[in-house]
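> Below are the sequence and a predicted model for it; my questions follow.
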Amino acid sequence: MRSGHVSFTEAIKNILNNAVADCFPDSGPAFECQVTPCQDKKFGDYQSNLAFLLAKRERTSPRNIAEAVAESVQAQMALPGPAGSGQARRGRISNLSPGESVGAMTAGALIETIEVAGAGFINIRLRDAALAAQLERTLADPRCGVARSAHPQRIVVDYSSPNLAKDLHVGTMRSTVIGDSIARVLEFLGHDVVRQNHFGDWGANFGVLVAMIKREYGAGLDTLQDAPLETVEELYARGSRLKKDSEEFAANAAAEVNNLQSGDPESVAVWEVLMDKTLRNCHDLYRTFNVSLDASHDCPESFYRDDLPRVVAELSDMNLLVDDDNAKCAYLDGFHNIDGDPLPVIVQKSDAGYNYSTTDLAGIRHRVGRLQAQQIIIVTDRGQELHFRMIRALAQKAGWLPDSVQLRHLGYGVILQEIKEGGRSKKVRFSTRDGGTVKIRELLAEGRRRSEKLTLERNPDIGGDELDGIAAKLTIAALKYAELKQRPVSDYTFNWDQMLASQGNTGVYILYCYVRVASLFGKSGVDKDALVRSPGSSTLSHELERELLVQLVSFPELFAGYEEELSSHDICHYLYELSTIYSRFWKDCPILTAAEDVRNTRLALSLAVANRLKLGLSLLGIEVVERM
RNA sequence: GCGCCUGUAGCUCAGUUGGAUAGAGUGCUGCCCUCCGAAGGCAGAAGUCACAGGUUCGAAUCCUGUCAGGCGCGCCA
């Protein structure tokens, strides 16, 4: 259990569990009540369906069970407790001492009403004072009430992992954005996160590149150093074609792979120039895109070069390998190819070179052995699922991946675009007009053009560096939010107008909500610190204040299942809900012109909203703006 | 052929450890600035939850089958 902070869900669960144990002593200690927020707020704040689950075992109607449990809870509520349940007047904000956690509250202090409805639903409405007290406790808390995990793990998160022979494109963007959010949240929850950028800088692609560079630049490596970045990609594209057309060049490229692997100084020198150039570009892009990866997280394929022969040798010693057309293969149960024949993991190719399976196995050994990972999360496209299933099975068989270490492959779908063709629209893979891959750099530039235009339309007096900064942040918010708001598993359709729309479930809408609060505090001249120290003790005077309060204090519950689900889209959903409630509140509840006590309450609510928006967005890798 | 994933409003998607009348946004039709930012808010119309069976007090959710789509299945990563 997490100590210090207990969410309302957990507190209610405890109360209901006690009541069930009281009414039905035979139900057994294994019974755990389920508590969820009411889907319809008219029923209350939280509901439980425990009566339905118990009905069969107790051989009575759900309604009877619910009524018995509710009665028992009501008896708990009547008990006097340290929270002074009898004094907790409805509607008063500061009745509970701010230091007291939800877990320490008595049933009477926490619950306003408990009712049975329908066939046996138990609906609970919380006391305003309990909600308000929880808000006060978290107003000064940079974590907004979210506890750290009681069981922190060392978790390796492997993401982004671009192929350095090409500039970063939208395919790697998904891994980068999704993985970055996962790393940020797990770290926030107190885990020891080890980010690993397993980028492609070794193997066949680089044989081609080194061969091309030697051929075209000869001794003039300096000119390559100064050449624009596109040169590399262009060289690679031509080299790949040449490899198909010319046996001589293909042999050269293969030879260069061997040269690199054996540490030939001349080839390695070329490779280093290449790496320096492309890596600088890559890290530069991470900074621009607000991705929390830097050089300290680099753990590329080449990192494992000395391990590769050992991986093969050890597998061979364990008698797990067979020779097949000169390739060294491991066969595992349950994997078949298109003809139904056994499908191998190839760890050494017929030309004696190593491939990505070898590197991934070396990666697992390194992460489990040296990095002491308790969990490994790899974020790549869904197409690699079979590959990772086989790698996992082989690593387990070899004893490199103990049962205590979980290896998870998080696969995501492809990015599509809608195109019109003869009056009908269809979806194809997202690409440039000539069918090439879309580069992240170009995407950012296009987003900034659009964001700048939209900003100027609304706010013509913004200009210069401020405009640049706003356009950059809006672009990042739009792109990342669009990426994260839906489940990674599904394909998604790229659409600038949709992601930059200020209406609807977009990053821009949420930023706008934040901007309104920022503007409010700019105008009011309110001392935020004073507000945090003494948030006021006014009555709740409007139903929207309460609705906002309920949403605000449920923030920690968002993270209850995160480690299991890695569901950043739930965070998006929460932020969007919070923003819509605040927008309604904003419309109906004047703040600055209200009487002082009402005003202070509304300011405190506003501050709490801004804090959660800022924190939640930061966990998605999105920065807020103060003006837009 | 086999495996994995997906199918919910015209469109984009939530909801899937079984729970109350299936939710948002967009688009459409209207409405709301004397008031803290209208990049906002409100109201209305729009659904055989792909289809067919099954399991039970109860199914978008679980099981079986069918259909449709995406991806993967031996030396690229």
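Happy to help now that I have it. Because the structure is predicted, anything quoted here is derived from the model rather than measured.
> Quick check: beta-bridge partners of residue A:298?
Applying DSSP bridges to residue A:298 yields these beta-bridge partners: residue A:197.
> who does the strand of greatest length in chain A touch, helix- and strand-wise?
Longest strand in chain A by number of residues, with DSSP state E as the criterion: strand A:327-336. Packing partners of strand A:327-336 (3 or more CB pairs under 8 Å, 6 or more residues apart in numbering; DSSP states H and E): helix A:308-317, strand A:321-324, strand A:342-348, helix A:385-397. Where you see a C-beta, it was placed from the backbone N, CA and C, and this is true even at glycine.
> Can I get that strand in CSV, CA atoms only?
What follows is strand A:327-336, C-alpha atoms only, in CSV (Å, rounded to 0.1, in the frame of the first residue of the first chain):
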residue,chain,number,x,y,z
ALA,A,327,23.5,-19.6,-41.0
LYS,A,328,23.5,-20.3,-37.3
CYS,A,329,19.9,-20.7,-36.2
ALA,A,330,18.0,-21.4,-33.0
TYR,A,331,14.7,-23.3,-33.4
LEU,A,332,12.0,-22.8,-30.8
ASP,A,333,8.8,-24.6,-30.3
GLY,A,334,5.6,-23.1,-31.7
PHE,A,335,7.0,-20.8,-34.4
HIS,A,336,6.4,-21.6,-38.0
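> quick one on the thing from earlier: make TSV from the helices and strands packed on strand A:327-336 and add mean neighbour count to it.
Shown next, in TSV, are these (neighbours: other CB atoms under 10 Å):
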stretch	mean neighbour count
helix A:308-317	17
strand A:321-324	14
strand A:342-348	20
helix A:385-397	17
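> Residue of the stretch 1-150 of chain A closest to RNA strand B, please.
Of all residues in the stretch 1-150 of chain A, the one sitting closest to RNA strand B is residue A:52 (2.4 Å; CB to the nearest atom of the strand).
> I figured that residue hits residue A:118, correct?
No. Using CB atoms under 8 Å, residue A:52 is not in contact with residue A:118, being 10.3 Å away.
> neighbours around residue A:563, how many?
By other CB atoms under 10 Å, the residues close to residue A:563 number 16.
> any idea how far the residue of chain A most remote from its centre lies from residue A:255?
Distance from the C-alpha centroid of chain A peaks at residue A:248, with 46.9 Å (CA atoms, centre = their mean). The span separating residue A:248 from residue A:255 equals 11 Å under the rule CB to CB, to the nearest Å.
> cool, residue A:491 as well?
According to CB to CB, residue A:491 stands 40 Å off from residue A:255.
> now swap in residue A:160 and tell me
Residue A:160 is 31 Å from residue A:255, where distance means CB to CB.
> need the residues of the stretch 251-400 of chain A near RNA strand B, please.
Neighbours of RNA strand B within the stretch 251-400 of chain A, by CB under 7 Å from any atom of the strand: A:301, A:324-327, A:329, A:336-338, A:340-344, A:346, A:349-351, A:355-356, A:359, A:382-387.
> which residues does residue A:492 bridge with?
Counting by DSSP bridges, residue A:492 is bridged to residue A:415.
> residues contacting it?
With contact set as CB atoms under 8 Å, 6 or more residues apart in numbering, residue A:492 has these partners: A:413, A:415-416, A:482-483, A:486.
> So which of those is the closest to residue A:406?
In terms of CB to CB, no member of the contacts of residue A:492 lies closer to residue A:406 than residue A:413, at 22.8 Å.
> pLDDT score assigned to the closest one?
We have a pLDDT of 93 for residue A:413.
> Surely it touches residue A:493?
No. Using CB under 8 Å, residue A:413 is not in contact with residue A:493; the gap is 10.5 Å.
> more neighbours, the two?
More crowded of residue A:413 and residue A:493, by other CB under 10 Å: residue A:413, with 16 against 12.
> burial count for the closest residue to that one other than its chain neighbours?
Spatial nearest neighbour of residue A:413, excluding adjacent residues (CB to CB, 6 or more residues apart in numbering): residue A:491 at 3.7 Å. Using other CB under 10 Å, residue A:491 has 14 neighbouring residues.
> Would you report the backbone torsion angles of residue A:164?
Backbone geometry at residue A:164, expressed as degrees, to the nearest 10, gives phi -70, psi -10.
> you'd agree it is up against residue A:276?
No. If you go by CB under 8 Å, residue A:164 and residue A:276 don't touch, sitting 10.8 Å apart.
> where along chain A do the strands fall?
Ranges of strands in chain A, per DSSP E, are A:35-37, A:46-48, A:111-117, A:121-126, A:154-158, A:192-196, A:321-324, A:327-336, A:342-348, A:375-381, A:406-412, A:415-421, A:424-429, A:492-493.
> So for stretch A:57-77, mean pLDDT?
Averaging pLDDT along stretch A:57-77 gives 89.
> distance between that stretch and the chain's centre?
40 Å (CA atoms, centre = their mean, to the nearest Å).
> Same question for stretch A:618-628.
Distance of stretch A:618-628 from its chain centroid, counting by CA atoms, centre = their mean, is 15 Å.
> which of the residues in that stretch are buried?
For stretch A:618-628, burial by neighbour count (16 or more other CB atoms under 10 Å) applies to A:619-622, A:624-625, A:628.
> Now distance to RNA strand B and pLDDT too, for those residues, in a markdown table please.
Shown next, in a markdown table, are the buried residues of stretch A:618-628 (distance: CB to the nearest atom of the strand, whole Å; pLDDT from 0 to 100):
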| residue | distance to RNA strand B | pLDDT |
| --- | --- | --- |
| A:619 | 17 | 98 |
| A:620 | 15 | 98 |
| A:621 | 19 | 98 |
| A:622 | 15 | 98 |
| A:624 | 12 | 97 |
| A:625 | 8 | 97 |
| A:628 | 3 | 94 |
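> Can you pick out the most distant pair from the residues you listed?
Across the buried residues of stretch A:618-628, the longest distance by CB to CB is 20.7 Å; it joins A:619 and A:628.
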